[in-house]
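Peer 1: only geometry, no sequence info:
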């Protein structure tokens, strides 16, 4: 069955032709809307590369159906880049050398943006790191990502 | 302060970089593979009728290949599809392309396959039931008075270690998009470590000359050895040819685990004769499970077997390596292929020997460790090599940490050596333009920064040009200078030498044109353009270049580097092919772990690494390699393992059951470089991509030994395995 869900992506309402009920938000964003900054990794909800914000909370777009976000506000890395807080987080990642291949980076940036939104920059650092466990990186050993997260907390304070 | 070390840093953080998985082409179809349902058997029939009945679907099987292939394949070991015999579970046996991925998957499921199953060889264990594996590789070397030293030894220690397969787990799956161009060119864009290597593979698999194939590398979302040779490209190309449309083919993550060339399981038997507190003889028998295809056998045996002894002087040695073919999928290189596994065995053995002798394990290593000028096991002269110094530093750190060591904690030291791939070929062209320097070359940036930062740093040092004025320009195989690819930690060491030569030639030309000594030339920014500065006088590059140079892309120079590896004493070789080392590099690591005495789980408390890096060309990039390698190694040490059923089917092809390290498990890591033992790379640099992972499993194993009294003998050291180990120790 196909219907056309209606939601906004990066503050613009999207008008989709009918799409299958089973279509994942990840595929809608990447292949219908051309937003390739959201990366496709495992498609099983384990790597975090596809993290986006739905009404400012981080979700895994590979495990979210496009129809589920009807009426919601979706933010992708492209949208976040246009926001002040997003730009600061991204600059923190660049400054700390927190990307090697960079495939996980947009997911980390989105997850961090949602944590900062949810808790502010003040919260407990250990808990903060605990909550970034859902994002995997195979290149950096996370050392520079930790530094980038800390730098981003300071940058948005 | 705000600085971005790498020119790709902000684009990556903004999600603005396109990888292999992100590329699309107008009118493209989506490909999907049909995988063999059994590990070993005969194909009785492949029925594509139902798949082809779906509108828009192109389906191809073994019978279509003679019609579709442009030539006769010259590599029978790697058929695109097997014609009759299935060699491993999930071997691609047919492929489909369709207007959407959903339809492609449906079509792949609609392919009816009938097979007759044969018993599969799944283990190299002699105790395993079923057919025995075929020997496909054998190396054997010996020297010294082996029988004599074993007969007169104070004691002989013999032990067997077992290692299991680990997967690369690059976050980006393999992905390629192919099309057949109107001029007959077979063109593929792909996420690869080696575009020229893929071109060579494709020529053999398709049966056409390399000149008819163009491979364009994309940005790569991690490789670690898994993207070193062709995988999805031939299927994408043949589907494109069959359908007349561009075809995108990406592996699913499950397929990544099934087909992505995990590394080889092995059994390592070590026997050492000790006399007067030193090792006087070593016998090694190394059996590796090479999976179902041949590419792995060389590095598994002839290249790898030396790592089972390690960088130590031993007066009498026998090395034997055997590669066995099983019905596992083709297994392949994973960051420093098999060296972490061999070092785990060799370094655990060193600690065990030191324990038996009652001497400090670091001091014991330093009694034996290679110094520059020593001979390797095969009689090759060791070049500049700083491992002894690394060990001294590691030993001092271990002693310091030991001053306050809680109960159930242990401290371990592990060492490793590596020969970085400086021997392989690479070429680069430089273009000096009025406003920038462009380095044109044929290696995609796979993440380490060795291309985008490392090559730029070489030009930066030679020409004194600010890094933001250097552009590293990747080109496809039709337009780039040749390069053999990102492997063997060779980018900086080998391709870097080509860049260095081209930069020196450029500097010489600038010196000639400005009538200045070469050593005085520096390129600086004046206004918006580059100028040559000689002793405080600035001459704009625009004025130094000839008009036709400005019109044709700049003043250009070309550098090539085809290194020559050292040689060894061929009389020591009894059988098989061994490879000489090119460059000697090493590292010593220290870890403190907390071992749960009941659960057997290991928490790494802190970690320190001391690396012989020759000369560090860019500190931040070098340090990042070491940090990343260590954490990847923690996965190899503690959790990562492919689990195979007795029928030969991988049981854990996904991230739920194959656990890699997460941010929360990473300990504080110190990285130190020992400089001055200069390598063959630019300014004495040595490769750093692979060395950092090598000592990690050994270091953790020795820390576990320190905590509980006896070392583990199998990788990975999962909680379950260590709990069993501890239980045995108690009884």
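Peer 2: Sure, I can see it. None of the values given here were measured: they were computed from a predicted structure. Numbering: from 1, shown residues only, chains lettered A, B, ... in the order given.
Peer 1: so the closest residue to residue B:54 other than its chain neighbours: helix, strand or coil?
Peer 2: Among residues not flanking residue B:54 along the chain, residue B:107 sits closest, at 5.2 Å (CB to CB, 6 or more residues apart in numbering or on different chains). Quick note: C-beta positions are derived from backbone N, CA and C, even for glycine. Secondary structure state of residue B:107, per DSSP: H, G, I helix; E, B strand; the rest coil, is helix.
Peer 1: look up how far residue B:512 lies from residue B:534.
Peer 2: Between residue B:534 and residue B:512 the distance is 12 Å, computed by CB to CB, to the nearest Å.
Peer 1: swap that for residue B:38, please
Peer 2: Residue B:38 is 68 Å from residue B:512, by CB to CB.
Peer 1: tell me which of these two has more neighbours.
Peer 2: Legend: neighbour count by other CB atoms under 10 Å in any protein chain shown for residue B:38 and residue B:512, higher for residue B:38 (22 against 10).
Peer 1: sec struct for that one, please.
Peer 2: Going by three-state DSSP: residue B:38 is coil.
Peer 1: what backbone torsions are found at it?
Peer 2: Backbone torsions for residue B:38, taken as degrees, to the nearest 10, come to phi -130, psi 160.
Peer 1: cool, and residue B:681?
Peer 2: Main-chain torsions, residue B:681, degrees, to the nearest 10: phi -70, psi 180.
Peer 1: tally of neighbours for residue B:664?
Peer 2: 12.
Peer 1: what do you get for residue B:624?
Peer 2: The tally of other residues near residue B:624 (other CB under 10 Å) stands at 30.
Peer 1: for it, give me its contacts.
Peer 2: When contacts are counted by CB atoms under 8 Å, 6 or more residues apart in numbering or on different chains, residue B:624 touches A:97, A:100, A:140, A:143-144, B:448-449.
Peer 1: now the strand or helix carrying it: buried residues?
Peer 2: Using DSSP states H and E, residue B:624 sits within helix B:619-638. Neighbour counts using 16 or more other CB atoms under 10 Å in any protein chain shown place B:620-638 of helix B:619-638 among the buried residues.
Peer 1: next: stretch B:21-31.
Peer 2: In stretch B:21-31, counting by 16+ other CB under 10 Å, buried: B:21-24, B:28-31.
Peer 1: out of these, which touch chain A?
Peer 2: Among the buried residues of stretch B:21-31, the residues that sit close to chain A (CB under 8 Å from any CB of the partner chain) are B:21-22, B:24.
Peer 1: quick one: the residues you listed as JSON lines, columns for secondary structure, pLDDT and distance to residue B:67 too.
Peer 2: Formatted as JSON lines, those follow (DSSP: H, G, I helix; E, B strand; the rest coil; pLDDT from 0 to 100; distance: CB to CB, whole Å):
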{"residue": "B:21", "secondary structure": "helix", "pLDDT": "98", "distance to residue B:67": "30"}
{"residue": "B:22", "secondary structure": "helix", "pLDDT": "98", "distance to residue B:67": "33"}
{"residue": "B:24", "secondary structure": "coil", "pLDDT": "96", "distance to residue B:67": "28"}
